[in-house]
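Asker: Attaching a predicted model along with its sequence, questions to come.
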Amino acid sequence: MKRLVMVIFVLSFIACGVSVAWSEGVVKIGTTMGLSGYYSGVANNFLKGYTLAFEEINSQGGVKGRRLEQIVYDDGYDPARTIKGLNKLVYEDKVPLLFAVFGTPPNAVASLRLKVFKIPLFFPCSGGGFLYSNQPYVFTFQASYMSESRAMIEQAVKDGYKRIGVVYLTNTYGWDCKIASLKEARKQNVEAFPIPLKKSEDIPLVVKELLDKKADAVYLAVPNKFLVPLLRFMDAKGYHPGLYAECYCRLADALQAIGDDVASRFPTAVAGRFLPQLSENYRCVTWYKKALEMFSPEEPPNPVAFQGYLMARTLGEILKQAPSLDPKGIIKGAESVKGLDVGLPEKISYSPTDHVGLTRVFLYRVKHGELVPLVR
């Protein structure tokens, strides 16, 4: 197995003249993620954000005088390799917590093993609904796919649409989006039509069904690789509904790929994000940019790295509140967190019966390749 070990070890920080005296020991943070494979670009940007935040925390004295040491295994986005990595982290490296397991399939296998491991998993990189209920060892950070889907349908109704096609990938991610969007459509008293998309060859049938159902808007929960050919086929058929897309669809990129002339034929385009854009005036954005200037001035700001940075920074704040840095102490400390400021309008609170972090999603209209924030 390819192994990457990231040890962040700062003895002194010359740039700001701060001398850090370490006590003995470290806090080991275990991570497994697809640093190779289809989603490697996203995973590596997340890792840059984690590294930045941990370096910043260590430069300020770490957590309880102990530096943060991240041990990272590359699972290639393969759940079988995720299991191997998790076993090594728990039984060989003896980490007291897991952090930011990347992707819905890897988190599905990870969540099933936590009761055996008896250590917490903080901030899985997935909005899968199974992570948000009845998970005593899981603490989430980002909003769920279900929260995002509800917000999308609500916005489509506000925009005046009444017949909404729901095009979803046939996996856990897609089913979560489908279930939540159909429930929200019933609540909003509009019609919604679920249409599965399994492979590129299904696109003509998907568009035909959308046309047959007379869907005036479409909520999209499919990967970007399907979205571009889907939009092109819609245009070829003269079909231009309002578009509402889950975050990982990357709707703005897809519209740019099909060209302004084609994109302008779709009357509405709304994209979701789990965090705001880097151009917006939120304190967490300022924190991230300052950390970049201080520790990685050669790195340009990146939205995925920003999310990773904020997750890791938040983890550091939670660990500071733990009565001890063993698994039981970390869980007890996390469950006592109330109103933790993460630089956003929404604060984070946990309890023994509620391990859900953020619930808000950020919606944007896509106009000429730009994301314009929607006030909600």
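Answerer: Here it is on my side, so go on. Keep in mind the model is a prediction, meaning the values are calculated, not measured.

Asker: Helices along the stretch 151-300 of the chain, start to end?
Answerer: Counting by DSSP state H, counting those that start in this stretch, the stretch 151-300 of the chain has helices at residues 172-187, 203-212, 224-236, 251-258, 260-263, 283-295.

Asker: And the second one, what's buried?
Answerer: Along helix 203-212, the positions that meet the burial threshold by neighbour count (16 or more other C-beta atoms under 10 Å) are 203, 206-207, 209-210. From N, CA and C alone the C-beta is placed, and that goes for glycine too.

Asker: Closest one to residue 168 out of those residues, please.
Answerer: Using C-beta to C-beta, the shortest approach to residue 168 within those belongs to residue 206, at 10.2 Å.

Asker: Look up how far residue 262 lies from the closest one.
Answerer: Separation of residue 206 from residue 262 (C-beta to C-beta, to the nearest Å) stands at 18 Å.

Asker: do residue 317 as well
Answerer: Here the distance between residue 317 and residue 262 works out to 45 Å (C-beta to C-beta).

Asker: Residue 151 too?
Answerer: The value you get for residue 151 to residue 262, if C-beta to C-beta is used, is 26 Å.

Asker: measure the spatially most central residue of the chain to residue 226 for me?
Answerer: The central residue of the chain, meaning the one whose C-alpha is nearest the mean C-alpha position (C-alpha atoms, centre = their mean), is residue 125 at 4.8 Å. With distances taken as C-beta to C-beta, residue 125 is found 21 Å from residue 226.

Asker: Flag the shaky bits of the chain, pLDDT-wise.
Answerer: Low-confidence segments of the chain (pLDDT under 70): 1-24, 376.

Asker: May I ask you to name the longest helix in it?
Answerer: In the chain, taking DSSP state H as the definition, the longest helix is helix 40-59.

Asker: helix or strand right after it?
Answerer: Taking DSSP states H and E as the definition, the helix or strand that follows helix 40-59 towards the C-terminus is strand 67-74.

Asker: Quick check: bridge partners of residue 272?
Answerer: The residues listed as beta-bridge partners of residue 272 by DSSP bridges are residue 363.

Asker: So it sits against residue 148, correct?
Answerer: Yes: using C-beta atoms under 8 Å, residue 272 is in contact with residue 148, at 5.0 Å.

Asker: The two: who's more crowded?
Answerer: Taking residue 272 and residue 148 together and counting by other C-beta atoms under 10 Å, residue 148 has the greater number of neighbours (28 against 24).

Asker: List the buried residues for whichever strand or helix holds that one?
Answerer: Secondary structure assigned from DSSP H and E places residue 148 in helix 145-158. Neighbour-count burial for helix 145-158 flags 145-157 (criterion: 16+ other C-beta under 10 Å).

Asker: thinking again about what came up before, just curious, which of the buried residues of helix 203-212 is nearest to residue 140?
Answerer: residue 206 (31.1 Å).

Asker: ok, the closest one - contacts?
Answerer: Taking C-beta atoms under 8 Å, 6 or more residues apart in numbering as the contact definition, residue 206 lies against 167, 195, 197, 230.

Asker: Flag every buried residue along stretch 312-330.
Answerer: Going by neighbour count (16+ other C-beta under 10 Å), the buried part of stretch 312-330 is 312-316, 318-319, 322, 325, 327, 330.

Asker: Narrow these to those in strands?
Answerer: Within these, no residue falls in strands by DSSP state E.

Asker: Of those, which belong to helices?
Answerer: Using DSSP H, 312-316, 318-319, 327, 330 are the members of those that sit in helices.

Asker: Looking at the residues you listed, which two lie furthest apart in space?
Answerer: Farthest pair in these (C-beta to C-beta) is 313 and 327. Separation: 21.3 Å.

Asker: Can you report how many residues lie near residue 160?
Answerer: With neighbours defined by other C-beta under 10 Å, the count for residue 160 comes to 11.

Asker: Start the count at 77 instead of 1 going forward.
Answerer: Right, with 77 as the first residue, what we last looked at is residue 236.

Asker: distance of it from residue 128?
Answerer: For residue 236, the distance to residue 128 (C-beta to C-beta) stands at 43 Å.

Asker: dump the residue contacts of residue 201.
Answerer: If you count contacts by C-beta under 8 Å, 6+ apart, residue 201 has them with 109, 122, 176-179, 183, 218.

Asker: so it bridges to which residues?
Answerer: Taking DSSP bridges, one obtains residue 178 as the residues bridged to residue 201.

Asker: That one and residue 375, how far apart?
Answerer: In this structure, residue 201 and residue 375 are 20 Å apart, going by C-beta to C-beta.

Asker: Neighbours of residue 265, how many?
Answerer: Residue 265 - counted by other C-beta under 10 Å - has 8 other residues nearby.

Asker: who touches it in this structure?
Answerer: Contacts were defined as C-beta under 8 Å, 6+ apart; by that measure residue 265 touches no other residue.

Asker: same deal with residue 445?
Answerer: When contacts are counted by C-beta under 8 Å, 6+ apart, residue 445 touches 328, 331-332, 336.
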